[in-house]
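Chemist: Sequence below, structure please.
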Amino acid sequence: MKSFYPSRRAVIAATLGIPLSLLLALAAPGLWTTGVVWSVLILVLVGVDLGLGLWGRKLSVESVVPDVLGVGRNDSASFALSFRRAPPAETEAELEGNDRLAIAPRRQLLAGQSRPMTAAFALKPLRRGEGRLERLWLRWTGPMGLVWIQHVHPVARAVPVIPDVESVREQAVRLFERNNDAGLQVRLDRGRGSEFHALREFQPGLDPHQMDWKTSARHNKLIVKEFRVEQNQHIVAVLDTGRLMSEPLAGQPRLDRAIQAVLLLAFVGLKLGDRFRLFAFDSRPRLRSGSVFGVRAFPALQRLAAKLDYSAEETNFTLGLTQLAGDIEHRSVIILFSDFSDTTSAELMLENVTQLLKRHIVLFVVFRDEELESMRRAKPESARDASSAVIADMLLKERDLVMARLRQLGVEIVDAPVDRLSNGVISAYLALKQRIGLQP
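Modeler: Numbering: from 1, shown residues only. Sure, this is the predicted structure:
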């Protein structure tokens, strides 16, 4: 879409006709129309300049825009401008986006000598969510510099801003290579599990409880049963996106930390052959991904997680977890990322978790608030410090009461420092995977 408007040079030149007419009217009244003729002449020149600026300059734009952006990792978007004939001597370019992205430089000047001209913009994600690049604004002047010709190129590209995926992959690679060159897959295939794998001769270090006495008697030597962890288990990551999860913890919203852990969990789970489902809710369900399988499904989960926004609404555990229970067809491991401020607000959560435990295994992820713990431990130096310590102690005790209730119900608890939350979730998931077998 093109538009045009006079440049500052044209406006100044045209308005000079007014004082010129006044001066001539005072000096020689018969020549006062000279100023009018001057202004009209400038307007004609503006029209000529517009025609010369547009003539044969059909513009095509090719864009290279990243599919996703990770928080903390900058990327760039570039646009190659090609004119059918000689390009303008200079072209100004400006890229418009939404408030999730910082774009630099704000405006840049492209020289016409380079073909094609390339406008490159650095993209810095400001917060997680759906970033958008709306349009590319271009403008250049005619040969005489009397008119601006403006071209608006619609970009209309969504660029999801997700937690740092590269760090997720790096963590996953380190996790898979942590113990031996064969990787985590081999380490998990054999050991404690529910699926019979093979018989083998007893060796020191093997579990004597897995001894097959009938086979041992038949072969006249000790034989043990070897099991492996069952594949195709059903893992459901449940994200509370309510008000409390939007509050910062150690400089980062709880929801962002939860999504980081969920993505790592999804990558590992899909890599190990499990089925993975993502569910999110606050006052109502916000995201229901359905069950996915295989590492190729990981990018789709990334895009879905990027759409989860911060919410100021209170969490409705009854509606959310009831809907979740109705969606799940198979017995599953449910990993719940949520938070609570006191025992009263946690009561509805406990009631609905109890219902889930009738059929599923529930793992609850606790966000350890080290700021509250440091406030409780700190030596008070004023009345304000003392009251803060008392309040922190009360909140932490109520948190401990809720955790004790969850453990009594049979819920697995992940309680780790926020900077090691992802590793804590993975460790708990792998421990569950080795200890239990879920029937699809």
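
Chemist: Give me the most central residue, the protein.
Modeler: residue 162 (1.6 Å; Cα atoms, centre = their mean).

Chemist: That one contacts residue 68, doesn't it?
Modeler: Yes. Using Cβ atoms under 8 Å, residue 162 makes contact with residue 68 at a distance of 5.7 Å. No exception for glycine: its C-beta is placed from N, CA and C like everyone else's.

Chemist: what's the overlap in contacts for these two?
Modeler: Common neighbours of residue 162 and residue 68 (criterion: Cβ atoms under 8 Å, 6 or more residues apart in numbering): 302-303, 306.

Chemist: For the stretch 201-350 of the chain, which residues score under the pLDDT cut-off?
Modeler: Scanning the stretch 201-350 of the chain for pLDDT under 70 picks out 205-207, 226-232.

Chemist: mind listing the helices for it?
Modeler: 213-219, 243-246, 254-271, 298-306, 317-327, 343-357 (DSSP state H, counting those that start in this stretch).

Chemist: what's the most buried one of these?
Modeler: Per-stretch averages of neighbours, counted by mean count of other Cβ atoms under 10 Å, single out helix 254-271 among those, with a mean of 24.

Chemist: same for that one, what does it pack against?
Modeler: Other elements packing on helix 254-271 under the criterion 3 or more Cβ pairs under 8 Å, 6 or more residues apart in numbering; DSSP states H and E are helix 165-176, strand 234-240, helix 243-246, strand 275-281, helix 298-306, strand 333-337, strand 361-367, helix 421-435.

Chemist: By residue count, which helix of this structure is the longest?
Modeler: In the chain, assigned by DSSP state H, the helix with the most residues is helix 383-409.

Chemist: Mind giving me the packing neighbours of the lengthiest strand in the chain?
Modeler: In the chain, ranked by residue count with DSSP state E as the criterion, the top strand is strand 147-162. Applying 3+ Cβ pairs under 8 Å, 6+ apart, one finds that strand 147-162 contacts strand 2-6, helix 33-54, strand 59-64, strand 69-70, strand 129-141, helix 298-306.

Chemist: and among these, the most buried is which?
Modeler: Among the helices and strands packed on strand 147-162, highest average neighbours (mean count of other Cβ under 10 Å) belong to strand 69-70, with a mean of 22.

Chemist: Pull up the pairing partners for that strand, direction included.
Modeler: Strand pairing for strand 69-70, determined by DSSP bridges: strand 147-162 (parallel).

Chemist: Kindly export the strand it pairs with (C-alpha atoms) in PDB.
Modeler: Listed next in PDB are the C-alpha coordinates belonging to strand 147-162 (Å, rounded to 0.1, in the frame of the first residue of the first chain):
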ATOM      1  CA  VAL A 147       7.500  14.600  -1.900                       C
ATOM      2  CA  TRP A 148       7.700  11.500   0.300                       C
ATOM      3  CA  ILE A 149       6.500   8.300  -1.100                       C
ATOM      4  CA  GLN A 150       5.500   5.800   1.600                       C
ATOM      5  CA  HIS A 151       5.100   2.100   1.200                       C
ATOM      6  CA  VAL A 152       3.600  -0.100   3.900                       C
ATOM      7  CA  HIS A 153       4.500  -3.800   3.600                       C
ATOM      8  CA  PRO A 154       2.300  -6.100   5.700                       C
ATOM      9  CA  VAL A 155       4.400  -8.600   7.600                       C
ATOM     10  CA  ALA A 156       1.700 -10.000   9.900                       C
ATOM     11  CA  ARG A 157       3.900 -12.700  11.400                       C
ATOM     12  CA  ALA A 158       3.400 -14.200  14.900                       C
ATOM     13  CA  VAL A 159       6.700 -14.800  16.600                       C
ATOM     14  CA  PRO A 160       6.100 -16.800  19.800                       C
ATOM     15  CA  VAL A 161       8.300 -15.800  22.600                       C
ATOM     16  CA  ILE A 162       9.000 -18.900  24.700                       C
END
